[in-house]
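S.K.: take this sequence and fold it.
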Amino acid sequence: MNSRAPGAVVASQNPRSFPSDTHTGAPDVDAMVGQLIARARLAQRDFAAGGQPALDTAASAAAWAIMAPSRNRQLAELAVRDTGLGNVDDKIQKNFRKTLGLLRDLHGRKTHGVIAEDTRKGIVEIARPVGVVAAITPSTNPAATPANKIVNALKCGNAVIVAPSPKGYSACALLLRFIHAEFERAGLSRDLVQMLPEPISKAATASLMRQADLIVATGSQANVRMAYTSGTPAFGVGAGNVASIVTSSADLTDAADKIARSKTFDNATSCSSENSVVIEDGIYDAMLDALRRAGGVLLDASQKRALAQVMWVDGKLSGQCTAQSAQRIAEIAGLHDVAAQRPAFLMVEETGTGADHPFSGEKLSPVLTVYRAKDFDDATSLVARLYDYMGAGHSVGLHSADPAQAVHLGETLPVARVIVNQAHCFATGGNFDNGLPFSLSMGCGTWGKNNFTENLGFRQYLNVTRVAYPIAAEVPDADDLLADYFGRFGR
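M.R.: Reported below is the predicted structural model:
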């Protein structure tokens with residue numbers, strides 16, 4: 001593994017070294033991306049030949065690049081400054097904890113060579129890298145999401161080229177600068193981790209998708225759809241619109257505190273933050289009081305209308321409120337009396353779902369929609385209607401003392417995860433107090449038009465070759481296998 005000379009020109013550090021495209025499919029865009037791909041392939045082949053120690057070293061180097069306290073703060077401050085989304089302290093926590101949790105999940109994992117042997121079946125499994133990964137990343141987490149994908153890809157012997165959102169470009173470029181500094185220390189090639197040059201365009205992103213070996217896409221549904229139609233194998237995520245159900249058996253203070261923490265973290269940039277809470281009728285007023293004590297302010301009908309006018313323009317979610325503080329959103333809506341209360345989050349009551357009820361959808365802001373349900377079955381039906389409009393496949397929260405209710409939701413609702421008695425946005429992507437793997441990209445299954453239901457992790461970055469040896473033949477008896485069927489219906 002030969003690292004570049006310190007003075008060498010690297011696209012990710014000199015992003016304007018290539019001509020920008022002027023129209024979709026411009027030949028110079030394909031050529032520019034082709035150069036990045038070619039360099040990545042050369043670096044990846046040498047890298048993968050180094051075996052598990054090289055893969056572990058690279059993953060650790062990329063992780064420490066974002067976890068080191070001074071660099072973490074620089075990344076968080078730059079992300080908030082240039083995207084205008086979220087807040088610095090929460091991004092620092094997210095950058096560190098998400099990467100630390102990923103390191104925990106990867107520690108000691110074999111991702112090179114023989115990774116499993118089944119002597120009874122005569123099968124040997126061999127891990128193989130996929131090659132060059134195109135990592136499509138959002139502006140909401142412009143450092144944490146690229147870092148997660150880069151660490152996973154390197155752990156599996158791959159090279160990565162990141163396509164950041166335009167707003168997230170500066171934070172991603174700084175992250176790569178830090179990664180390359182760690183690579184210099186470890187003797188690794190910078191070409192293992194690159195990014196598209198400025199200005200980020202749809203044409204360049206599309207070209208990267210076509211030329212890479214695998215796409216992992218997080219962010220807008222437009223990017224996810226483009227990934228799925230690129231002709232390259234892709235893992236994309238579905239839309240968020242998380243709802244949490246609060247039942248009569250819940251600890252209301254605990255539920256309210258956890259919902260508030262989840263709803264306000266990083267100004268609700270996470271797709272896993274609750275957008276709605278569905279409360280059983282018998283505890284409705286008490287739960288509203290608990291949410292107020294946790295920092296929520298319930299808007300009246302006229303205030304709700306004023307908020308809707310600024311949050312949605314021409315039927316589309318407006319960026320002016322996205323990932324802003326509740327106080328700032330109240331000011332934008334002209335609700336100065338509400339802003340003066342310094343709310344942690346805003347609440348609006350709703351009864352309907354669908355396009356005619358915009359508060360029933362994803363809001364990406366500390367605004368919580370509140371529904372009243374007659375009972376648990378009614379709450380389940382209401383959440384199903386919410387997900388029929390938006391968010392199918394993602395996850396649902398439950399605050400209850402009855403474990404059977406969680407299983408019922410898992411058997412009934414179109415969700416890949418049921419999060420029980422936890423702060424949803426921390427728990428869904430893995431936390432130290434649950435067993436889900438750490439990730440910033442959650443698969444939503446066929447419900448969300450995805451091809452997987454797991455939290456995106458290292459296994460999605462691997463090919464596996466299976467060697468099959470001959471074993472003693474075991475031919476079953478058809479009468480044994482069909483005995484139950486024949487007993488009930490005859491032959």
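
S.K.: ok, the residue nearest the centre of the chain - contacts?
M.R.: Taking CA atoms, centre = their mean as the criterion, residue 441 is the residue nearest the geometric centre of the chain, at 2.3 Å. When contacts are counted by CB atoms under 8 Å, 6 or more residues apart in numbering, residue 441 touches 145, 148, 149, 216, 218, 235, 237, 455, 456. Every C-beta, even on glycine, is put in place using the N, C-alpha and C of the backbone.

S.K.: make it 10 Å
M.R.: 135, 137-138, 141, 145, 148-149, 152, 216-219, 235-237, 271, 429, 450, 454-457, 460 (CB atoms under 10 Å, 6 or more residues apart in numbering).

S.K.: so for stretch 373-389, mean pLDDT?
M.R.: The average pLDDT for stretch 373-389 rounds to 98.

S.K.: put the alpha carbons of the lengthiest helix in the chain into CSV.
M.R.: Counting residues, the longest helix in the chain under DSSP state H turns out to be helix 27-48. Provided in CSV are the C-alpha atoms of helix 27-48 (Å, rounded to 0.1, in the frame of the first residue of the first chain):
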residue,chain,number,x,y,z
PRO,A,27,-18.6,13.9,-21.5
ASP,A,28,-16.2,15.8,-19.2
VAL,A,29,-18.3,14.8,-16.2
ASP,A,30,-18.0,11.1,-17.1
ALA,A,31,-14.3,11.5,-17.7
MET,A,32,-13.7,13.3,-14.4
VAL,A,33,-15.6,10.7,-12.5
GLY,A,34,-13.8,8.0,-14.5
GLN,A,35,-10.4,9.3,-13.3
LEU,A,36,-11.6,9.2,-9.7
ILE,A,37,-12.9,5.6,-10.2
ALA,A,38,-9.6,4.5,-11.9
ARG,A,39,-7.5,5.8,-9.0
ALA,A,40,-9.9,4.2,-6.5
ARG,A,41,-9.6,0.8,-8.2
LEU,A,42,-5.8,0.9,-8.1
ALA,A,43,-5.7,1.8,-4.5
GLN,A,44,-8.4,-0.7,-3.5
ARG,A,45,-6.6,-3.6,-5.1
ASP,A,46,-3.4,-2.9,-3.2
PHE,A,47,-5.4,-2.2,0.0
ALA,A,48,-7.4,-5.4,-0.1
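
S.K.: to the chain's geometric centre, what's the distance from it?
M.R.: Distance, stretch centre to chain centre, for helix 27-48: 26 Å (CA atoms, centre = their mean, to the nearest Å).

S.K.: need the next SSE after that helix, C-terminal direction.
M.R.: Next along the chain after helix 27-48, taking DSSP states H and E as the criterion, comes helix 51-67.

S.K.: counting contacts, what elements does that next one pack onto?
M.R.: Packed against helix 51-67 by the contact rule (3 or more CB pairs under 10 Å, 6 or more residues apart in numbering; DSSP states H and E) you find helix 27-48, helix 69-83, helix 88-106, strand 113-118, strand 123-129, helix 144-155, helix 169-186, strand 193-195.

S.K.: could I get that helix in CSV with only the CA atoms?
M.R.: Below are the C-alpha coordinates for helix 51-67, written out as CSV (Å, rounded to 0.1, in the frame of the first residue of the first chain):
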residue,chain,number,x,y,z
GLY,A,51,-5.6,-8.6,4.5
GLN,A,52,-7.5,-8.1,7.7
PRO,A,53,-4.9,-6.0,9.5
ALA,A,54,-4.9,-3.4,6.7
LEU,A,55,-8.7,-3.3,6.7
ASP,A,56,-8.9,-2.8,10.5
THR,A,57,-6.2,-0.1,10.4
ALA,A,58,-8.0,1.9,7.7
ALA,A,59,-11.4,1.6,9.5
SER,A,60,-9.8,2.8,12.7
ALA,A,61,-8.0,5.7,11.0
ALA,A,62,-11.2,6.9,9.4
ALA,A,63,-13.1,6.6,12.7
TRP,A,64,-10.5,8.5,14.7
ALA,A,65,-10.5,11.3,12.1
ILE,A,66,-14.0,12.3,13.2
MET,A,67,-13.8,11.2,16.8
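
S.K.: buried sites along that helix?
M.R.: Residues of helix 51-67 classed as buried: 52, 54-67 (neighbour count, 16 or more other CB atoms under 10 Å).

S.K.: check contacts around residue 97.
M.R.: Contact criterion CB under 10 Å, 6+ apart gives 67, 144, 426, 429, 430, 431, 432, 438 as the residues in contact with residue 97.

S.K.: what's the closest of those residues to residue 294?
M.R.: Distances from the contacts of residue 97 to residue 294 were compared by CB to CB; the smallest belongs to residue 426, at 15.5 Å.

S.K.: surely the closest one and residue 258 touch.
M.R.: Yes: counting by CB atoms under 10 Å, a contact exists between residue 426 and residue 258, whose distance comes to 8.8 Å.

S.K.: shared neighbours, the two?
M.R.: Taking CB under 10 Å, 6+ apart as the contact rule, residue 426 and residue 258 both touch residue 419.

S.K.: picking that back up, and the angle from the longest helix of the chain to strand 123-129?
M.R.: Comparing the axes of helix 27-48 and strand 123-129 via axes from the mean of the first three to the mean of the last three CA atoms, to 10 degrees yields an angle of 130 degrees.

S.K.: wait, doesn't residue 280 sit right on residue 402?
M.R.: No: at 11.8 Å, residue 280 does not count as touching residue 402 under the criterion of CB under 10 Å.

S.K.: higher neighbour count, those two?
M.R.: Neighbours were counted for residue 280 and for residue 402 using other CB atoms under 10 Å; residue 280 has more, 21 against 15.

S.K.: ok, that one - contacts?
M.R.: Contacts of residue 280 (CB under 10 Å, 6+ apart): 245-250, 287, 372-376, 378-379, 400.

S.K.: now do residue 21, the pLDDT please.
M.R.: The predicted local distance difference test score for residue 21 is 39.

S.K.: at which residues are the strands of the stretch 351-491 of the chain located?
M.R.: 367-373, 393-399, 415-420, 462-468 (DSSP state E, counting those that start in this stretch).

S.K.: need the residues that contact the last one.
M.R.: Contacts with strand 462-468, where a contact means CB under 10 Å, 6+ apart, come from 111-112, 114-118, 121-131, 152-153, 155-158, 213-214.

S.K.: separate out the buried members of the residues you listed.
M.R.: In terms of neighbour count (16+ other CB under 10 Å), the buried residues within the contacts of strand 462-468 are 111-112, 115, 124, 127-131, 152-153, 155-158, 213-214.

S.K.: residue 385 contacts residue 354, correct?
M.R.: Yes: in this structure, residue 385 sits in contact with residue 354. The criterion is CB under 10 Å, and the distance is 7.9 Å.

S.K.: correct me if wrong, but residue 309 is in a helix.
M.R.: Yes: following the definition DSSP: H, G, I helix; E, B strand; the rest coil, residue 309 is counted among the residues of a helix.

S.K.: picking up where we left off before, got any residues that touch both of residue 385 and residue 354?
M.R.: Taking CB under 10 Å, 6+ apart as the contact criterion, the common neighbours of residue 385 and residue 354 are residue 360.

S.K.: can you tell me the SS state at the closest residue to residue 269 other than its chain neighbours?
M.R.: What sits nearest to residue 269 in space, not counting adjacent residues and going by CB to CB, 6 or more residues apart in numbering, is residue 140, at 4.0 Å. Three states are possible here, and by three-state DSSP the one that applies to residue 140 is coil.
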